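>>> Any chance you could fold what I've pasted below:
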Amino acid sequence: MSPSRIPALAFVADLVAVVVFAAIGRASHAESDGLLGLAATAAPFAAGLLVAWATPWLRVRPAGLRAGGVALAGTVVVGLALRAVFLGRLPLSFAIVATVSLAVLLLGWRGVAMLVSRRVAQRVR
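Next up is the predicted model:
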């Protein structure tokens, strides 16, 4: 894979992680407003992800765990703040579940990618 494609693929993987987070949350609460509802749920966190991706820290090694930490921080902090502003409340339980879930998703794909990359590198040697 061309190194120039890695940032774009990493951004798409992060965005997919945010949408999966929103979809799981909506499904666990039996919310069924279709794609519009899913988009509304994901929007504050997608905005946070965009803020994180606007920083140079995330673009240096976008598939690394450090970049995942930056993506997680931006997604959670901005996403929870926007959600609190729009809904007028932010239950602590939601903040904890959102943070843990997004950590698993945003750091998880990076961990898997690192393991696969190492295995491929070992086979090439």
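
>>> Mind giving me the packing neighbours of the longest helix seen in the chain?
The helix that spans the most residues within the chain, counting by DSSP state H, is helix 92-124. Helices and strands touching helix 92-124, by 3 or more CB pairs under 8 Å, 6 or more residues apart in numbering; DSSP states H and E, are helix 6-28, helix 65-87. Using the backbone N, CA and C atoms, a C-beta is placed for each residue, glycine as well.

>>> Turn these into CSV, including mean neighbour count, mean pLDDT and distance to residue 118.
Converted to CSV, the helices and strands packed on helix 92-124 look like this (neighbours: other CB atoms under 10 Å; pLDDT from 0 to 100; distance: least, CB to CB, whole Å):
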stretch, mean neighbour count, mean pLDDT, distance to residue 118
helix 6-28, 17, 95, 16
helix 65-87, 19, 97, 13
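
>>> Include distance to residue 48 when you put those into CSV, please.
Below are the helices and strands packed on helix 92-124 laid out as CSV (distance: least, CB to CB, whole Å):
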stretch, distance to residue 48
helix 6-28, 8
helix 65-87, 3
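
>>> Of all the residues in the longest helix of the chain, which ones are buried?
When neighbours are counted by 16 or more other CB atoms under 10 Å, the buried residues of helix 92-124 are found to be 98-99, 101-102, 105-107, 109-110, 113.

>>> and which of these is nearest residue 24?
For these, the minimum distance to residue 24 (CB to CB) is 7.2 Å, reached by residue 101.

>>> so how far is stretch 6-25 off the chain centroid?
Distance of stretch 6-25 from its chain centroid, counting by CA atoms, centre = their mean, to the nearest Å, is 5 Å.

>>> what's next to it, contact-wise?
The contact list for stretch 6-25 (CB atoms under 8 Å, 6 or more residues apart in numbering) reads 1, 38, 41-42, 45-46, 49, 53, 59, 62-63, 67, 71, 75, 98, 101-102, 105-106, 108-109.

>>> sorry, back to before: quick check: mean pLDDT across the longest helix of the chain?
Across helix 92-124, pLDDT averages out at 93.
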